[in-house]
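Undergrad: Got a predicted structure plus its sequence, pasted below:
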2 protein chains.
Amino acid sequence: MTTSAATLDIVRLEVDRALREFVDRQRPQVSAPEAAPLISAAEDFLSTGKRLRPAFCYWGWRGAGGGNDPAFFNAAASLELLQASALVHDDVMDASDMRRGMPAAHRRFQSLHEDAGWHGSAEQFGLGAAILLGNLMLIWSGEMWRSSGLPPAALAAAQDVHDHMRTELMCGQYLDLLEQAHGEGTFDSALRVALFKSGKYSVEQPLRLGLVLATRGREPWIDRLCEEYGQCVGIAFQLRDDILGVFGDPLETGKPAGDDLREGKRTMLIARTLAAASPAQAAQVRAMLGDPALDASGVDRLRQIIQETGALAACEHLIQEYLDDALRSLEHAPITSEARTALAELAVAATSRRT
Amino acid sequence: MTTSAATLDIVRLEVDRALREFVDRQRPQVSAPEAAPLISAAEDFLSTGKRLRPAFCYWGWRGAGGGNDPAFFNAAASLELLQASALVHDDVMDASDMRRGMPAAHRRFQSLHEDAGWHGSAEQFGLGAAILLGNLMLIWSGEMWRSSGLPPAALAAAQDVHDHMRTELMCGQYLDLLEQAHGEGTFDSALRVALFKSGKYSVEQPLRLGLVLATRGREPWIDRLCEEYGQCVGIAFQLRDDILGVFGDPLETGKPAGDDLREGKRTMLIARTLAAASPAQAAQVRAMLGDPALDASGVDRLRQIIQETGALAACEHLIQEYLDDALRSLEHAPITSEARTALAELAVAATSRRT
């Protein structure tokens, strides 16, 4: 087993424990028993996930001298609450039906309404409940971070990074809405959105949080490492996401095949395809992309164009280049050699994943 | 000028200042210039409001010995961010068009999309942007509270109350969705929702926060006062809201006449009406309530029934009774006599308001 595979196991176990304990502590705070479905939905959502963000955070922390402290894992697990909140709201904004192999939260609550035969619009009920579920997990992410048990001086040192990450995430998601509505549709504009919306809070900021929690200061080498390694891995991570959104196996991704195509996402992969497409190919892509009724043969045709234009190969090549850059940035970072190995393996795992 | 009117002026000035300074500090955190409309929307939303929650908090704080400390006003102003976040999301959930005399946030962003002639659904863009705006203000409310500058010991003493208030607000809003979907529609069930959804975080918890911040402890008299005064004023406040939602002057409330009737809200006022209505009246109410196309004559007819059944008079009478109970609860509370007077006046102001 590689260092990182072994680590992902430790991180997963500890993060699972921390999230379970946190949600259990919240239960008595909820005075109205009818609100229990909100808590169960949070629990179900939090029970899965790759725990990649806590893992990046962990190897920052370990790399700068931190140990296997349960308080640290509480703080790192709070990143999963932030992520869960973003996904629940994202699915509402994109009107997605599935997430992690299960109905998206708004569909779950819509079904609750339909199955019970309640009054009014089941869809509007689902929408409202999912907004509230996302809010609850957003609030909890801040609370779990703050009440982690880490020394106040460590939390205080990392607080600016934490606050910035959260504000940046919301602004990044807004950029994504703008890009879909009136973006240039170029590779560079898609890359910028990917970085703001997902890259930074998936890799760069979790890593920075771990490093700053351990060192209790924001030294220049930390920012350099996080920008270089974090942004490279973040972009490669998102490129992999773009590819999985089109070519991923539904059994592994938990989302229907070609879902990103039906939603019409203007990803880096699509930008690359359009840039290299013949006029006839480009017209076909434009006609099919974003069609909610796109069937399996339409998905196949789009996949074929993405391959024929060389966009798929180009994105795979870019992933490798960003990965190489990321690995190089680790070479001279003053972190433990164990952390250097683990971060290299994590970068590979995060960018070659199938889910 | 009464103590409370003078106080509302001080609180308003200080809260306005605190919110302006906070948003100005956030601006450089937003690295992408295109996200500026999100910040402007927050700024516009925060520039109005009755500042009642900070005022209840202030008189708790003053009543237990606190002074006019700018750090306190920062903490109290964070309650306006929480409230703004809840209103923006509420308008999405209720599909309301207007708020405070302006288009609701999701309509504002929808118009931005329409006016610019962007691609895709303007409505979906407005929905997404409003969710993100609400999230941003929700995150900021926690950040503003924590970075207020109050001594860590004061914040630590009040942290549980703060956390509980936020979780309770989300669960209370979920109860509201449930009540609309399959509630009993009785006065008692509407009252319970009103208390969870609005009463507690409008009066009881802000007051408790102020008291606990000043005393740095949660003594039994604090909980007693907050439960008695806070819940009574909270319910009377919500009853006034119910009445304004039907009989309010649009120029003062900033919402169209009879908006609550068109949305079909199952308020205490409506529950009382239905309980006292003749079968013919009840049938008319049921047929018209929640009809989005309800016109002025329909609104007039419903208003007439609400008056004829005695429900309006009964709710006005209840407001007075809750107010009397609230004033009695102040009599023996160990707070300064200035605070006792101000809280009495605030209770009157909050329950006799016209906006």
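TA: Good, I have the coordinates. Numbering: from 1, shown residues only, chains lettered A, B, ... in the order given.
Undergrad: residue ranges of the helices in the stretch 251-355 of chain A, please?
TA: Counting by DSSP state H, counting those that start in this stretch, one finds helices in the stretch 251-355 of chain A at the ranges A:259-263, A:268-276, A:279-288, A:296-308, A:311-331, A:337-351.
Undergrad: Please identify which of the ones you listed is closest to residue B:205.
TA: Residue B:205 lies closest, by C-beta to C-beta, to one member of the helices of the stretch 251-355 of chain A: helix A:259-263, at 39.8 Å. Quick note: C-beta positions are derived from backbone N, CA and C, even for glycine.
Undergrad: and the closest one, which residues are buried?
TA: By neighbour count, with 16 or more other C-beta atoms under 10 Å in any protein chain shown as the criterion, the buried positions of helix A:259-263 are A:259, A:260, A:261, A:262, A:263.
Undergrad: counting contacts, what elements does that helix pack onto?
TA: Packing contacts for helix A:259-263, counted by 3 or more C-beta pairs under 8 Å, 6 or more residues apart in numbering or on different chains; DSSP states H and E, involve helix A:231-247, helix A:296-308.
Undergrad: Highest mean neighbour count out of these?
TA: Of these, the one with the most neighbours on average (mean count of other C-beta atoms under 10 Å in any protein chain shown) is helix A:231-247, at a mean of 23.
Undergrad: Can you tell me which of the helices of the stretch 251-355 of chain A has the worst average pLDDT?
TA: Comparing mean pLDDT across the helices of the stretch 251-355 of chain A, the weakest is helix A:259-263, with a mean of 89.
Undergrad: CA atoms only: put that helix into CSV for me.
TA: Taking Å, rounded to 0.1, in the frame of the first residue of the first chain, the C-alpha atoms of helix A:259-263 are listed here in CSV:
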residue,chain,number,x,y,z
ASP,A,259,-24.9,14.5,-17.4
ASP,A,260,-22.5,17.5,-18.0
LEU,A,261,-23.5,17.5,-21.7
ARG,A,262,-27.2,17.6,-20.9
GLU,A,263,-26.6,20.5,-18.5
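Undergrad: was I right about residue A:145 contacting residue A:162?
TA: Yes. Using C-beta atoms under 8 Å, residue A:145 makes contact with residue A:162 at a distance of 6.3 Å.
Undergrad: on that earlier part again, tell me the one of the buried residues of helix A:259-263 nearest chain B?
TA: Looking at those and their distance to chain B, the nearest is residue A:263, at 10.4 Å (C-beta to the nearest C-beta).
Undergrad: Please work out how many residues are found near the closest residue to the closest one other than its chain neighbours.
TA: If the residues on either side of it in the chain are set aside, residue A:263 comes closest to residue A:94, at 5.4 Å by C-beta to C-beta, 6 or more residues apart in numbering or on different chains. Number of residues near residue A:94 (other C-beta atoms under 10 Å in any protein chain shown) recorded here: 19.
Undergrad: Same check on residue A:49?
TA: Applying the criterion other C-beta under 10 Å, we find 18 residues in the vicinity of residue A:49.
Undergrad: And for residue A:328?
TA: One way to gauge burial is a neighbour count; for residue A:328, by other C-beta under 10 Å, it gives 12.
Undergrad: and it, how far is that from chain B?
TA: From residue A:328 across to chain B, the span is 25 Å (C-beta to the nearest C-beta, to the nearest Å).
Undergrad: now residue A:332
TA: 27 Å.
Undergrad: can you check residue A:265 too?
TA: Between residue A:265 and chain B the computed distance is 11 Å (C-beta to the nearest C-beta).
Undergrad: What number of neighbouring residues does the nearest residue to residue A:215 once chain neighbours are set aside come out with?
TA: Taking C-beta to C-beta, 6+ apart as the measure, residue A:215 lies nearest to residue A:64, with 4.9 Å between them; neighbours along the chain are not counted. Here the number of neighbours of residue A:64 (other C-beta under 10 Å) works out to 22.
Undergrad: Of the helices and strands packed on helix A:259-263, which is nearest residue B:206?
TA: helix A:231-247 (40.2 Å).
Undergrad: tilt between that closest one and helix A:311-331?
TA: When axes from the mean of the first three to the mean of the last three C-alpha atoms, to 10 degrees is applied, the directions of helix A:231-247 and helix A:311-331 differ by 150 degrees.
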